[in-house]
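> Return a 3D structure for these sequence lines:
(2 chains)
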Amino acid sequence: MAVETPIATSGSPPGRPRRRGRPSRFGSETFAAWLFLTPSFVGFLIFTAGPVVAAGVISLLHWNLFSPPTFAGLSNYTRLGPDPTFWSALGNTAYFTLVSVPLTMVVSLALALLLNHGLRRMAIFRSLLLLPYATITVAVAFVWIWLYIPHDGLMNSVLGLVGIDGPAWLISDTWAMPSLILMSVWKSFGFGMVIFLAGLQAIPQQLYEAAKVDGTSAWGSFRNVTLPLLSPSMFFVIVTSVIGSFQVFDQALVMTNGGPGSSTTTLVMYIYQSGFQNYEQGYAAAQSLVLFAFIALITGIQFLFQRRLVHYDI
Amino acid sequence: MTSDAPPLVQPRRAAPAPRPVPTRQLVRRKLLVFACFLVTGITLLPIVMMVLVAFQSDAESMAAQPSFWPSTWHWENIGRTFDLVPLGRYLLNTVFFAGGTALLETVTAALAAYAFARLNFPGRNAIFGVYLATLMIPAQVTLIPQFIIVAKMHGVDTWPGMILPHAFTALGVFLLRQFFLGIPRDYEEAARLDGANRWQVFLRVIVPLAVPAIATLFVFKFISQWNNLLWPLVISNSDATRTASVGLQVFQDTNGTQWNLLLMAATLTTIPLIVLFFLTQRWFVRGITMSGLGGR
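Numbers count the residues shown, from 1 in each chain, chains lettered A, B, ... in the order given. Below is the predicted model of the structure:
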């Protein structure tokens, strides 16, 4: 196979060792680096960096995509204050995040601990438990609608067996959000579980043996060995799940479409509605930047806490 | 940047624990296995229900009292679903969309990651910093400008318009760079001594050693794009490019809730992903561990 070499290394033809592996001249290495970097960099500029800057500009415009934009100043931002839908969307997003993230953490950790006993065939359980994560959100959202059918749906039929009169789930103001959360935890715990398993398997067994010799109880070694040593994994899972849950969209769109009323309208749904149903691109861009500010703020706070609570050394 | 990437060669599996098995441990082990079965059963129930209802008759699937097991298996539901919506077309589109973005992302990310991990050039750290910063930006911030850029380039409802905006993310570059940093420089030096140029080093040394990481990135990306609803929903507006996730939406609108066929469509859309997942999940799990996401 003739490999065409785009990178000239100053007169050393392939096959003849002349340069003894020393770094090449400054110019040639820079040139080579850019040859490797350019495909990714150009795409990155056009489709990631550029759009971020553009979002800032668009947020200052009135624009419906069809007629020429007009300058709006900060009005897209000041409009957020008196907009009740925005505040309820923010509240709903916070509700979703505050309940679903801790719940996902607990479920992921519990299952990782259960699977970390070194039993044979654990790989099978691990694969099966990862299945919800590997299914299509939209597809399984439909199953959950079906499970949640009021009165005679499967969920309420099962609850009926133990004498509980189940709620109307997705069509109830109070229960729509918990229904969404339950489904989302089911859908996403697998990811955290794998991360925790990886983290648990990196904990040296000697530490547990040492704790045992010291007469530490099971709970004690969990508290003093497992939890601190798992804290980097936990940190990673918390940060990514908070970011993910701030962006919840698919299941909300399919299962409730934001309703009943606006009880499950999340920020991202409202951005989608503003931009692509009401055709107010400027307003949608302003909202998306506010969402970004929230995520950045919360991630920043998490990094501050990380200094105190996460232990990277053994 | 220090190279605190994980070691190149991972032990396949933790060394088997010595097994002197007292009875108490046996009982405990039995309980654990029972717990695993129980938890897995409950977890898989929605997926099992999806498949079971998909094979029920129309009347059975819409009866007030839902039944678990189909009284007769209606295999013709598969064909009926394909008749109602162009599901084959949608699935093919999804393969193009997910496969195209994953392939392009993997190739460009590997090239860029090599530059960031191994080559010196002015501004390297600054550019990498910008890449990293964009990891925190939610997709919704870039959604509207991306849509406008694609619309200006007349890319709405075209394959380039579907694929390109999602094929150059910082995440792929970041993951692969972490892994490349862990490959010993000696290998590269040796190849250079033998007269290989950088391109040959990349293609013959780095890439073969990084196959698990590259495959993981591909699968990661493929799954997330197969799942992607927002971008195809915004950018595709005909059956020529509509993906399965969006197609299921259309299905709901046009056919009400004919549960058996809807869930059959959902099942058929999910199966390819589950097959891919089972074929690659060893890589997937190892890749997560290796790329340093596991914490250390």
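> From what I see, residue B:87 and residue B:242 are in contact.
No - using C-beta atoms under 8 Å, residue B:87 makes no contact with residue B:242, being 10.4 Å away. (Glycine included, C-beta is placed from N, CA and C.)
> Give me the three-state assignment for the residue nearest the centre of chain B.
Within chain B, the residue whose C-alpha comes closest to the C-alpha centroid is residue B:223; the distance, by C-alpha atoms, centre = their mean, is 2.2 Å. Recorded secondary structure, residue B:223: helix (DSSP: H, G, I helix; E, B strand; the rest coil).
> List the contacts of it.
Applying C-beta atoms under 8 Å, 6 or more residues apart in numbering or on different chains to residue B:223 gives the contacts A:134, B:98, B:273, B:276, B:277.
> Residue B:269 too?
So residue B:269 contacts A:136, A:138, A:139, B:87, B:90, B:91, B:94, B:244, B:245, B:247, B:248 (C-beta under 8 Å, 6+ apart).
> can you tell me the helix or strand for it?
Under the criterion of DSSP states H and E, residue B:269 resides in helix B:259-290.
> For that helix, what is the distance to the chain centroid?
From the chain centre to the centre of helix B:259-290 is a distance of 9 Å (C-alpha atoms, centre = their mean, to the nearest Å).
> can you tell me the residue of the stretch 151-300 of chain A closest to chain B?
residue A:198 (3.1 Å; C-beta to the nearest C-beta).
> How much space separates that residue from residue A:191?
11 Å (C-beta to C-beta, to the nearest Å).
> swap in residue A:311?
23 Å.
> Those two: which is more packed in?
residue A:191 (21 against 12; other C-beta atoms under 10 Å in any protein chain shown).
> between residue B:87 and residue B:242, which one's more packed in?
Using other C-beta under 10 Å as the criterion, residue B:87 and residue B:242 rank with residue B:242 on top: 24 against 20.
> Correct me if wrong: residue A:193 contacts residue A:114.
No - judged on C-beta under 8 Å, residue A:193 makes no contact with residue A:114 at a distance of 9.4 Å.
> more neighbours, the two?
When neighbours are counted by other C-beta under 10 Å, residue A:193 and residue A:114 differ, and residue A:193 comes out ahead with 25 against 17.
> what's the distance between stretch B:56-73 and the middle of its chain?
Worked out by C-alpha atoms, centre = their mean, stretch B:56-73 lies 33 Å from the chain centre.
> make that stretch B:27-38, sorry
31 Å.
> Dump the C-alpha coordinates for stretch A:173-180 into PDB.
The C-alpha coordinates for stretch A:173-180 follow below in PDB (Å, rounded to 0.1, in the frame of the first residue of the first chain):
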ATOM      1  CA  ASP A 173     -51.000  18.000  37.000                       C
ATOM      2  CA  THR A 174     -49.300  16.600  40.100                       C
ATOM      3  CA  TRP A 175     -48.200  13.300  38.800                       C
ATOM      4  CA  ALA A 176     -47.100  14.100  35.300                       C
ATOM      5  CA  MET A 177     -43.600  15.200  36.400                       C
ATOM      6  CA  PRO A 178     -43.000  12.300  38.800                       C
ATOM      7  CA  SER A 179     -44.000  10.000  35.900                       C
ATOM      8  CA  LEU A 180     -41.500  11.600  33.600                       C
END
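> What average pLDDT does it get?
Stretch A:173-180 shows a mean pLDDT of 92.
> Can you give me the buried ones in it?
A:175, A:176, A:177, A:178, A:179, A:180 (16 or more other C-beta atoms under 10 Å in any protein chain shown).
> Check what contacts it and list those residues.
A:92, A:95-96, A:99, A:144, A:148, A:167-170, A:248, A:251-252, A:255-256, A:259-261, A:263-264.
> Filter those residues down to the buried ones.
A:92, A:95-96, A:99, A:144, A:148, A:167-170, A:248, A:251-252, A:255-256, A:260, A:263-264.
> same for chain B: which of those residues are within range?
Applying C-beta under 8 Å from any C-beta of the partner chain to the buried ones among the contacts of stretch A:173-180, one finds that residue A:144 fall near chain B.
> From residue A:75, how far out is residue A:82?
12 Å.
> higher neighbour count, those two?
A direct count of neighbours by other C-beta under 10 Å for residue A:82 and residue A:75 places residue A:75 higher, at 14 against 8.
> Show me what the nearest residue to the more buried one once chain neighbours are set aside bridges to in the sheet.
Once flanking residues are discounted, residue A:75 sits nearest to residue A:62: 7.9 Å by C-beta to C-beta, 6 or more residues apart in numbering or on different chains. Note on residue A:62: beta-bridge partners by DSSP bridges are residue A:70.
> Does residue B:154 fall in a helix, a strand, or a coil region?
Reduced to three states by three-state DSSP, residue B:154 is coil.
> Can you report phi and psi for it?
phi 60, psi 40 (degrees, to the nearest 10).
> list the contacts for it?
Counting by C-beta under 8 Å, 6+ apart, residue B:154 has no contacts.
> With chain A as the reference, measure out to it.
14 Å (C-beta to the nearest C-beta, to the nearest Å).
> Per-residue pLDDT of that residue, please?
pLDDT at residue B:154 comes out at 91.
> Please tell me how far it sits from residue A:58.
Taken as C-beta to C-beta, the span from residue B:154 to residue A:58 is 20 Å.
> sorry, back to before: turn the contacts of residue B:269 into JSON lines, columns for secondary structure and pLDDT.
Compiled in JSON lines, these are given as follows (DSSP: H, G, I helix; E, B strand; the rest coil; pLDDT from 0 to 100):
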{"residue": "A:136", "secondary structure": "coil", "pLDDT": "86"}
{"residue": "A:138", "secondary structure": "helix", "pLDDT": "85"}
{"residue": "A:139", "secondary structure": "helix", "pLDDT": "86"}
{"residue": "B:87", "secondary structure": "helix", "pLDDT": "88"}
{"residue": "B:90", "secondary structure": "helix", "pLDDT": "92"}
{"residue": "B:91", "secondary structure": "helix", "pLDDT": "92"}
{"residue": "B:94", "secondary structure": "helix", "pLDDT": "93"}
{"residue": "B:244", "secondary structure": "helix", "pLDDT": "88"}
{"residue": "B:245", "secondary structure": "helix", "pLDDT": "85"}
{"residue": "B:247", "secondary structure": "helix", "pLDDT": "85"}
{"residue": "B:248", "secondary structure": "helix", "pLDDT": "82"}
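> ranking the residues you listed by neighbours, who comes first?
Those, ranked by neighbours (other C-beta under 10 Å): first place residue B:244, 32 neighbours.
> Report all helices and strands that the one helix or strand residue B:178 maps to contacts.
Taking DSSP H and E as the definition, residue B:178 sits inside helix B:170-181. Here helix B:170-181 touches helix B:87-118, helix B:124-133, helix B:211-227, going by 3 or more C-beta pairs under 8 Å, 6 or more residues apart in numbering or on different chains; DSSP states H and E.
> Repeat the analysis, applying 6 Å as the threshold.
helix B:87-118, helix B:211-227 (3 or more C-beta pairs under 6 Å, 6 or more residues apart in numbering or on different chains; DSSP states H and E).
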